[in-house]
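# mind looking at a prediction? Sequence and model below.
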Amino acid sequence: MINKFNLILKIVKKINYQVKTHILIDKYDSQYISHNLKKWGKYSVGKNKEKGVILVDLFAKNSLIHFWSYLVNILAKKTNSKIEYFYISLYKSKLLDYKVSIRRLVKLFQSFNVTKGISQHDFKYSKGEIRLFEKKFYALKFDKKKLIKFKIENIKIGDLISDTYMRAHLSSTVNMEDESLKKIFFKAIKFYYVSKSYFNKNKVVAVIPSHTCYLYGIISRIAASKNIPIIKVNSDNRGNENFRINIVDRKFVNEEAAPYFNFKKEFRKLTTKKQREGLKIGKKIIDNRLSGNYDETLPYMKISQFNKNFKSSNLILKNKKKKIFIFPHCFFDNVHRFRKMLFTDFHDQINFLLNLSKKYDKYEWYYKPHVHELKSEFNKHIEILKNFPNVILLKPKLGHCEIIKSKPHCIITNHGSVGHEYARFKIPVIFTGDNKHINYKFAYHANSKSDIENVIKNNKILRKKIRFNLNELYEFIFMNYFYFQNLYDRKLLIKDTFFNSKNRSIWDTPAILRHIIKLSDDNDKFIEKYINNLINSKDLKRYFS
């Protein structure tokens, strides 16, 4: 009875959140709408010039909405373009099937001159389309690998479908026989064809997405194929801090936005003086983090896991046995974010590694979930480890100092920040796929599953393939955490308080809009300067000249 009541309460809370976020317009929304109408007026494109279209995501994130209001209006005047939105939902909810579910968002976007462009609410499936989509779906033969590789007209969207399913269901893997997967598959293909038709009929000059992953990413991949700039407002800590703009690389439409696969190339373009300064900045960032201080480049980590006040654990055994630590990732959060993976998903990755733990029992194996792991996610780890009693599950809040003190034989991650953090202590790191560190040899990048097994089996091979070079480490830290985050004079011009508040209790509520309005007059010139720096940069000038 209690479980049933809790389930009902959970459903009611979810519906209440969706109604407040997507449908109802409260006093703060009304104030913000009035503010925008006064600031932006009714914009119209010039009659004597060819009209373009700026396509922006109709997405429910107040801080991003405010940033976009500046970006789209300044860019529209620069390019003589109208502004339209695209809308596709991620989550499974009956409410989202109805137009009323985006009533609030539409009103907010209209207040800064955005009208409808593409919406899933207009999708209608003909009998012919349904037959075609079913044919494509069953051609996958219920194979996850085939789903991930699935393309339409040479544009890959299968990984986006797979990640959407896992995110919407909070699932560690894709159930190919689930009817809801089929619905996502159909919606993705329909979204592709509708969007392609839109691009063919309109002169799209820029795409501004909330995400380039999940089904949202289909728009960005079409834009990339047509050499249209993708301008992304990035942020950290669930979209609440470290606001900045990046131009997404067209060769690989990447949610991280920074072209990690070209870090070394981009670093070499800098003057010798700037390279030296960059290495100093990189050293300062990593030294500060490893000292246990708060690191503003990782704002979601309010307490550093290198803080010496973290309690120790008696789970790490004090013996001479060589220890291997597995650092798993969130099973459902944008799994295919990098160019390639050795596994279909992180569920398969973890099962592969845990099976190795049985095969190579001369080592002592440990499993360390992330400190910010959701409860449902942590329960999944517990469930998986039931079949591997030889592997010791560590508490998520266990500090890194305790692990480092045990002198690990190696650690294993797919792309985690532990990769460069542990490398700083000359601890061998194995990455199990493409990742942000790929240009650098201070850790080992496995190219196959057999690669992973070989270097675990033979530590001499692993150490031979790794080059512990501090300057390379500092270079990576600089490029990843500083250089691409501070383009266009961002550090001089932009503060997080322009778009959000230090008061966490009003994050993701309409009340944040009141905070934004209060500061708007003082912040306008800085936001506008930052966006104009972007538009006039070499990164965008070639598109708009």
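Noted; the coordinates are in hand.

# I'd like to know which elements the longest helix anywhere in the chain is packed against.
Criterion DSSP state H: the longest helix present in the chain is helix 511-535. Here helix 511-535 touches helix 27-40, helix 62-79, strand 241-247, helix 490-493, helix 538-544, going by 3 or more CB pairs under 8 Å, 6 or more residues apart in numbering; DSSP states H and E. The way it works is simple: take the backbone N, C-alpha and C, and place the C-beta from them, glycine included.

# could you redo the last one with a cut-off of 10 Å?
For helix 511-535, the packing partners by 3 or more CB pairs under 10 Å, 6 or more residues apart in numbering; DSSP states H and E come out as helix 27-40, helix 62-79, strand 231-236, strand 241-247, helix 490-493, helix 538-544.

# so how far is that helix off the chain centroid?
Helix 511-535 sits 24 Å away from the centroid of its parent chain (CA atoms, centre = their mean, to the nearest Å).

# can you show me the strands along the stretch 151-300 of the chain?
Assigned by DSSP state E, counting those that start in this stretch, the strands in the stretch 151-300 of the chain fall at 151-152, 155-156, 204-208, 231-236, 241-247.

# as CSV, those strands with distance to Cys330 and mean neighbour count would be great.
CSV is the format used below for the strands of the stretch 151-300 of the chain (distance: least, CB to CB, whole Å; neighbours: other CB atoms under 10 Å):
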stretch, distance to Cys330, mean neighbour count
strand 151-152, 26, 13
strand 155-156, 22, 14
strand 204-208, 26, 25
strand 231-236, 15, 21
strand 241-247, 19, 21
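
# I'd like those strands laid out as CSV, including mean pLDDT and distance to Tyr198.
As requested, the strands of the stretch 151-300 of the chain are exported to CSV (pLDDT from 0 to 100; distance: least, CB to CB, whole Å):
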stretch, mean pLDDT, distance to Tyr198
strand 151-152, 96, 15
strand 155-156, 96, 15
strand 204-208, 97, 8
strand 231-236, 93, 18
strand 241-247, 93, 22
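
# closest to Ile102 out of those strands?
strand 204-208 (17.2 Å; CB to CB).

# one step back: out of the helices and strands packed on helix 511-535, which is the most enclosed?
Comparing the helices and strands packed on helix 511-535 by mean neighbour count (mean count of other CB atoms under 10 Å), helix 62-79 comes out on top with a mean of 23.

# tell me what the following helix or strand past that one is packed against?
Using DSSP states H and E, the helix or strand that directly follows helix 62-79 along the chain is strand 81-87. Packing partners of strand 81-87 (3+ CB pairs under 10 Å, 6+ apart): strand 52-57, helix 62-79, helix 103-110, strand 114-119, helix 179-201, strand 204-208.

# nearest to Ala446, of the ones you listed?
Ala446 sits nearest to helix 179-201 of all these, at 29.2 Å, using CB to CB.

# from Phe331, how far out is Ile324?
21 Å (CB to CB, to the nearest Å).

# show me the shaky parts of the stretch 201-350 of the chain.
256-257, 311 (pLDDT under 70).

# the helices and strands packed on helix 511-535: which one's closest to Phe442?
strand 231-236 (23.4 Å).

# got the angle for that closest one vs strand 204-208?
If you take axes from the mean of the first three to the mean of the last three CA atoms, to 10 degrees, strand 231-236 sits at 10 degrees to strand 204-208.

# direction included, what does strand 231-236 pair against?
With DSSP bridges as the test, strand 231-236 is paired with strand 241-247 (antiparallel).

# quick one: the partner strand to helix 511-535, angle?
In terms of direction (the same axes, to 10 degrees), strand 241-247 departs from helix 511-535 by 30 degrees.

# ok now strand 241-247, how far from the chain's centre?
12 Å.

# that older thread, rebuild the helices and strands packed on helix 511-535 as JSON lines, extending it with distance to Leu95.
Compiled in JSON lines, the helices and strands packed on helix 511-535 are given as follows (distance: least, CB to CB, whole Å):
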{"stretch": "helix 27-40", "distance to Leu95": "18"}
{"stretch": "helix 62-79", "distance to Leu95": "20"}
{"stretch": "strand 231-236", "distance to Leu95": "26"}
{"stretch": "strand 241-247", "distance to Leu95": "29"}
{"stretch": "helix 490-493", "distance to Leu95": "37"}
{"stretch": "helix 538-544", "distance to Leu95": "38"}
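
# between those, which gets the lowest average pLDDT?
Among these, helix 538-544 carries the lowest mean pLDDT, a mean of 84.

# returning to what we had before: mind putting the helices and strands packed on strand 81-87 into CSV with distance to Lys284?
Shown next, in CSV, are the helices and strands packed on strand 81-87 (distance: least, CB to CB, whole Å):
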stretch, distance to Lys284
strand 52-57, 35
helix 62-79, 28
helix 103-110, 40
strand 114-119, 41
helix 179-201, 44
strand 204-208, 33
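
# and of these, who's closest to Asn351?
Using CB to CB, those put helix 179-201 closest to Asn351, at 20.4 Å.

# hmm, His160 is touching Ile189, no?
I think there's a mix-up here, since residue 160 is Leu and not His. No - the pair Leu160 / Ile189 is not scored as a contact, 11.3 Å apart, by CB atoms under 10 Å.

# anything in contact with each of the two?
150, 218 (CB atoms under 10 Å, 6 or more residues apart in numbering).

# mind listing what Lys441 touches?
Lys441 neighbours (CB under 10 Å, 6+ apart): 423, 465-469, 472.

# over to Lys397?
Contacts of Lys397 by CB under 10 Å, 6+ apart are 303, 305, 310-311, 313, 369, 371-373.

# out of the helices and strands packed on strand 81-87, nearest to Trp507?
Trp507 lies closest, by CB to CB, to one member of those: helix 62-79, at 8.2 Å.

# just want the angle from that closest one to helix 27-40.
Using the same axes, to 10 degrees: helix 62-79 against helix 27-40 is 20 degrees.

# which residue, other than its chain neighbours, is closest to Ser406?
Ile316 (5.0 Å; CB to CB, 6 or more residues apart in numbering).

# check which helix or strand covers that neighbour.
Here Ile316 is assigned to no helix or strand, by DSSP H and E.

# run through the residues that contact it.
By CB under 10 Å, 6+ apart, the neighbours of Ile316 are 323, 325, 364, 366, 368, 392, 394, 398, 402-403, 405-406, 408.

# the residues you listed in helices, which ones?
Counting by DSSP H, the part of these found in helices is 402-403, 405.

# can you put these in a markdown table and add distance to Phe123 and pLDDT?
Output for those, formatted as a markdown table (distance: CB to CB, whole Å; pLDDT from 0 to 100):
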| residue | distance to Phe123 | pLDDT |
| --- | --- | --- |
| Glu402 | 52 | 92 |
| Ile403 | 49 | 94 |
| Lys405 | 56 | 93 |
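
# quick check on those residues: which are buried?
For these, a burial check counting by 16 or more other CB atoms under 10 Å picks out 402-403.

# right, and the helices and strands packed on helix 511-535 - which one's nearest Ser171?
Here strand 231-236 is closest among the helices and strands packed on helix 511-535 (CB to CB), at 25.0 Å.

# quick one: that closest one to strand 52-57, angle?
Using the same axes, to 10 degrees: strand 231-236 against strand 52-57 is 20 degrees.

# contact partners for Leu290?
Residues in contact with Leu290 (CB under 10 Å, 6+ apart) are 304, 306, 400-401, 404, 421, 424-425.
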